[in-house]
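# Curious how this folds, go ahead:
(chains A and B)
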Amino acid sequence: MAATKRFAKTRRAFLIGTGLVGGALAVGATLAWRRVANAETFILPVDAAKGEAAFNAWLKIAPDSTITVAVPRQDMGQGIYTMLAMYVAEELDADWSKVKVVQAPISVIYGNTTLLADGAPAPLKSVMVTVSKVLGLQTTGGSTSTRDGWMPMRMAAASARSMLLGVAAAKWNVPFSELTIEKSVIRHKSGKSAPIGEFAKDAALLPAPKFATPKPQADWKVLGTSPKRLDVPEKVNGAAQFGIDVRPEGLLYAAVKHINMVSGTLQEVRWKNGVVPKDVLHQVRGSDWLAVIATSSWSAQKALENVELIGGGDNATVLSSDVLTARYNEILDGGDRGVMPGSRPLRREYANRGDAPKLIAAAQKNQVVEAAYSVPLAAHATMEPMNCTVRIANGKVDVWCGNQAPTLLQWLAASSAGVSSDNVTIHTPYLGGGFGRRVDLEVVRQALACAKRTNGKPVQLIWSREQDMRHDAYRPAVSCKFTAVLGGNGTAGVSAWHHKLVGPSVMKATAVRLNAAAGGDFPPDKTNCEGAADLPYDFTNFKVDHAQVDLPVPLGFWRSVGHSFNAFFVESFVDELAFALKKDPYLFRLELLKNEPRFAKVLDAAASAAQWSAPLPSKNWGRGIAIAESFKSIVAQVVDVEIINKKIHVRRVVSAVDCGTALHPDNTKAQISSGAIYGLSAALNAKITLKDGRVEQGNFNDYPMLNLAECPQFETVIVNSGEPLGGIGEVGLPPVAPALANAVFMATGKRLRDLPLSLA
Amino acid sequence: MSVTFVLNDKSTTLNAPDDKPLLWALREDANLVGTKYGCGIAVCGACTVHVDGVPTRSCVTPCSAIAGKSVTTIEAIGSKSPGGFNAVQKAWIEHQVPQCGYCQSGFIMAATALLEKTPEPTDDEINAAITNLCRCGTYPAMRAAIKKAAQLKKAGA
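Predicted structure coming up:
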């Protein structure tokens, strides 16, 4: 502690000298700072042998000036390791080649407050922020990670910077204000210089300053540029470790088979000829699954080919997709039968201004436009199938699993193994795709059950592709009907807009799946009508109704959640109105956006980059446009298609994106095309169908996704509005399906209203 | 119950049943986990390795079929190149291709084999040869990287 005493005076002088006081700060900054200051109670663990010095929960510095950033979010391809490290590199003016990341341990300090606040209904938001802080849920989703790290991580690094400079000032006996950092080297105008590593140990012993202000944007050197991603080199030589790659000593392998329906109870296990294959070391039985443990994944999978699982019970379902569609249509027409036996739809209003129903009732037939749309169930199909490795030994639990919610894994493992959370270590390697799939805990639950049977030996449970495809937590099937009235003195020639939807609540289904005790009437689920109830279009008479049904199907968050279907519905129907009014679809949207200059600018940017009015190569080509706001970012897209023998070929996607400020422009563009390609796979191919309660698809041959040959050209324009940050991982997806459907309409005159789009 | 072959330039004997797919023998018996399981039916290509230089879906290749042959995996594909990365890997880094990264080993193996056979592939040749699947949609960067790798290779990288 000698160092603390030695430099305390300098520190105080520095604080007064730079005028850092808390009084005049914005509330947001104060809250964010509290997260950093709280970090004094949680300091990042260091490797003492390496001489590392930890400054707070977010970063440590080694004597060789390597900065290690603790990233409390999971990298599933969206580049968050690099992005969050950039926050720290910026404030420390770091040499990028000496910046590393580690997966942060689990602590309340790292809770994702942005995600819970985003998902909650408005009146509950402040409560939810508080709740997420108390619970400290470490989750990656909702395109929130960059936004959530924005203040605390920059402040944490700014705080470390002032501590480092404080020590240098004292050692060199020069004024603090004359010191700068360049590429991790502290410099004084006299020419004196030394790398930050030389000061790290002393600096980290100081108490943190009372406050630290991140750099103004004008001084940025790192943010807004595109440094090389930290994870790329190890992703080109096979060294990157995914959950499926961990190899703790003594590892056993497990495979799982579920009953052949999406909901039901395992009633009977029938081994072929009554013989359990000799490779099976243990059988583990769950509510609707059987796992076997062997010395190889392959032999475990092979053993399961010899078993038939009989499902049934009160919760067994025989639902088929055609029945579901028919029931949805009944409900949209006012029917009162739900999907589950004996249930009724829960009808709620998500938006209402003016009096749309009255105008519709009074309108003449030729003024009314009606259309019905639908999307099917969709699987996530992450390239790395679900897997989880668990070791339960000596009262300690280790879980290795690519996941989007390590705090939830920790709770589950602790309660399952009967130990306290302190005795659970969650290891989160790279995720081989996430897209919302890895919020689900079913594979973790199963792996924990397996590991209880192996006397301290670790077990790796891997789902086969077929199990993954047939037992996903799916994007729900949703249907809707629109009624609009043209004419009168409504905005852009539209006097009323009434949108009625039917579908399940993903929030409720997820809560029930995580905790079977949850249930009953849930509060309104924002994801039901996100991108439908909150349109930028200024319709005077506007109503959005939702009929919520429970489904006997596991459901989950699927990249862009409600926006994945609502943008398709809304932007397709807007196109229908443009054509009904004989207006250009781009100019019609501009007219509707006359009070939304930020949206109009993004739409203009996409139309201009795509040369909206330029002629197409031939008459079997079409061009469509769409715009959607999701996760606080706005994306407009123009899609060109060519139709050959009734087959849709996507030729070009031009996007414009306003995410506030693109902090890593190359990655912003990569994520926009990533989201769009995921959306194109869904728009062209992806469909999960049920037949008598069972999923009909099983692998990539019957659930196809876009490949290299089918991938269109991409061009993405960034519009930096300087507005608060928006997300980037999901926002490229919502507008692409409607822009595509609108292009198909232009090429063929056929309005396709159901995903996946088909002209056959 | 055992198979002898050349694995990444070393003669290797693995204790694996004849019908065990090479993918699982690599991952479990040789501890080479860079080759990935994606579909098990030779559709996605995440498991692509070279068998006597030919890109091969190891998830449907039984161990018995590789006896006496030479297998190269992602771990060794760059081992003879300066810096440990071959032209494809270098181009992959330059164009920042990977996102989640899970499928990338298979793509790099497929692209490396393509350039061995077709040093300057056209778009159609790339489309025909690279049939792997990527769920993150890294295709636009990948196409650019394959063309860059062809240039690097020509220049002697």
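
# interface residues of the stretch 51-200 of chain A facing chain B?
A:75-79 (C-beta under 8 Å from any C-beta of the partner chain). C-beta here means a position set from N, CA and C on the backbone, and glycine is covered the same way.

# switch the cut-off to 7 Å
By the rule C-beta under 7 Å from any C-beta of the partner chain, the part of the stretch 51-200 of chain A lying against chain B is A:76-77.

# where does the stretch 51-200 of chain A dip in pLDDT?
Applying pLDDT under 70 to the stretch 51-200 of chain A picks out residues A:115-136.

# With adjacent residues omitted, what lies nearest to the spatially most central residue of chain B?
The residue lying closest to the centre of chain B (C-alpha atoms, centre = their mean) is residue B:109, at 2.4 Å. Nearest residue to residue B:109 in three dimensions, chain neighbours excluded: residue B:48, at 4.3 Å (C-beta to C-beta, 6 or more residues apart in numbering or on different chains).

# Name the helix or strand for the residue found closest to residue A:179 once you drop the neighbours it is linked to in the chain, please.
Residue nearest to residue A:179 in three dimensions, not counting chain neighbours: residue A:165, with 4.8 Å by C-beta to C-beta, 6+ apart. Residue A:165 belongs to helix A:145-172 when assigned by DSSP states H and E.

# And for residue A:636?
Taking DSSP H and E as the definition, one finds residue A:636 inside strand A:633-644.

# Dump that strand to CSV, restricted to CA.
Extracted C-alpha coordinates of strand A:633-644, given in CSV (Å, rounded to 0.1, in the frame of the first residue of the first chain):
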residue,chain,number,x,y,z
SER,A,633,-31.1,1.8,-35.9
ILE,A,634,-32.7,2.6,-39.3
VAL,A,635,-32.0,0.5,-42.4
ALA,A,636,-33.4,1.0,-45.9
GLN,A,637,-32.7,-1.6,-48.6
VAL,A,638,-33.2,-1.8,-52.4
VAL,A,639,-33.2,-5.3,-53.8
ASP,A,640,-32.9,-6.3,-57.5
VAL,A,641,-34.2,-9.6,-58.6
GLU,A,642,-34.2,-11.6,-61.8
ILE,A,643,-36.9,-14.2,-62.4
ILE,A,644,-35.9,-17.3,-64.4
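
# How about the following helix or strand past that strand, which residues are buried there?
Moving toward the C-terminus from strand A:633-644, the next helix or strand (DSSP H and E) is strand A:647-658. By 16 or more other C-beta atoms under 10 Å in any protein chain shown, the buried positions in strand A:647-658 come out as A:648, A:650-658.

# and if you look at stretch A:49-61?
By 16+ other C-beta under 10 Å, the buried positions in stretch A:49-61 come out as A:52-61.

# Make CSV out of those residues and add secondary structure and distance to residue A:718.
Shown next, in CSV, are the buried residues of stretch A:49-61 (DSSP: H, G, I helix; E, B strand; the rest coil; distance: C-beta to C-beta, whole Å):
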residue, secondary structure, distance to residue A:718
A:52, coil, 37
A:53, strand, 38
A:54, strand, 36
A:55, coil, 33
A:56, coil, 32
A:57, coil, 32
A:58, coil, 28
A:59, strand, 29
A:60, strand, 33
A:61, strand, 33
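
# Give me the distance between residue A:340 and chain B.
From residue A:340 across to chain B, the span is 32 Å (C-beta to the nearest C-beta, to the nearest Å).

# what sits against residue A:474?
Residue A:474 makes contact with A:377-379, A:553-556, A:688, according to C-beta atoms under 7 Å, 6 or more residues apart in numbering or on different chains.

# Quick one: buried ones out of those residues?
Listed as buried from those are A:377-379, A:553-556, A:688; burial here means 16+ other C-beta under 10 Å.

# with these in mind, which one is nearest to residue A:160?
Checking the buried ones among the contacts of residue A:474 against residue A:160 by C-beta to C-beta gives residue A:556 as the nearest, at 38.2 Å.

# tell me the contacts of residue A:457?
Applying C-beta under 7 Å, 6+ apart to residue A:457 gives the contacts A:250, A:252.

# go on, the one 5 residues further on?
For residue A:462, the residues meeting the contact criterion (C-beta under 7 Å, 6+ apart) are A:244, A:255, A:297, A:385, A:387.

# ok, back up a step: which helices and strands sit right next to the strand holding residue A:636?
Strand A:633-644 is packed against helix A:597-609, strand A:621-630, strand A:647-658, helix A:736-748, with contacts defined by 3 or more C-beta pairs under 7 Å, 6 or more residues apart in numbering or on different chains; DSSP states H and E.

# which stretch among the ones you listed comes nearest chain B?
Ranking the helices and strands packed on strand A:633-644 by proximity to chain B (C-beta to the nearest C-beta) places strand A:647-658 first, at 9.5 Å.

# any bit of the closest one sitting next to chain B?
No - using C-beta under 7 Å from any C-beta, we find that strand A:647-658 stays clear of chain B, coming within 9.5 Å at best.

# How is the chain divided into domains?
Assuming you mean chain A. Per the record, chain A has its domains at A:2-233, A:243-315+A:386-462, A:345-379+A:474-748, by automatic domain parsing.

# was after chain B, sorry
Domains of chain B are assigned by automatic domain parsing as B:3-72, B:82-154.

# most packed of these?
Stretch with highest mean neighbour count among the domains of chain B: domain B:82-154 (a mean of 22; mean count of other C-beta atoms under 10 Å in any protein chain shown).

# Compute the first-to-last residue distance for it.
One end of domain B:82-154 to the other measures 15 Å (C-alpha to C-alpha, to the nearest Å).

# hang on, the earlier thing: tell me the one among the contacts of residue A:462 nearest to chain B.
Set against chain B, the nearest of those by C-beta to the nearest C-beta is residue A:297 (6.0 Å).

# Name the nearest residue to that closest one, ignoring sequence neighbours.
The nearest residue in space to residue A:297 (C-beta to C-beta, 6+ apart) is residue A:253, at 4.2 Å.

# Please name the strands paired to whichever strand or helix holds residue A:270 in the sheet, noting orientation.
According to DSSP H and E, residue A:270 maps onto strand A:265-271. Note on strand A:265-271: by DSSP bridges, its sheet partners are strand A:307-312 (antiparallel).

# Return the set of buried residues in the partner strand.
Within strand A:307-312, the residues scored as buried using 16+ other C-beta under 10 Å are A:307, A:309, A:311.

# Pick out whichever of those residues sits closest to chain B.
Nearest member of the buried residues of strand A:307-312 to chain B, counting by C-beta to the nearest C-beta, is residue A:307, at 17.8 Å.

# Who are the contact partners of that closest one?
A:257, A:269-271, A:290.

# What's opposite it in the beta bridge?
residue A:271.

# So it versus residue A:289, what's the distance?
11 Å (C-beta to C-beta, to the nearest Å).

# Now the common contact residues for these two.
Counting by C-beta under 7 Å, 6+ apart, the residues touching both residue A:307 and residue A:289 are residue A:257.

# Phi and psi next, for the residue nearest to residue A:297.
Here the main-chain torsion angles of residue A:253 (degrees, to the nearest 10) amount to phi -120, psi 150.

# Share the number of residues neighbouring residue A:597, please.
Neighbour count of residue A:597, defined by other C-beta atoms under 10 Å in any protein chain shown: 11.

# Same question for the one 3 residues further on.
As a burial measure, the neighbour count of residue A:600 was computed by other C-beta under 10 Å and equals 19.

# With residue A:738 instead?
By the criterion of other C-beta under 10 Å, residue A:738 has 29 neighbours.

# next one: the one 5 residues further on
Neighbour count of residue A:743, defined by other C-beta under 10 Å: 28.

# quick one: contacts for the closest residue in space to it that isn't next to it in sequence?
Distance criterion C-beta to C-beta, 6+ apart; nearest residue to residue A:743, sequence neighbours excluded, is residue A:624 at 3.3 Å. By C-beta under 7 Å, 6+ apart, residue A:624 lies in contact with A:639, A:739-743, A:746.
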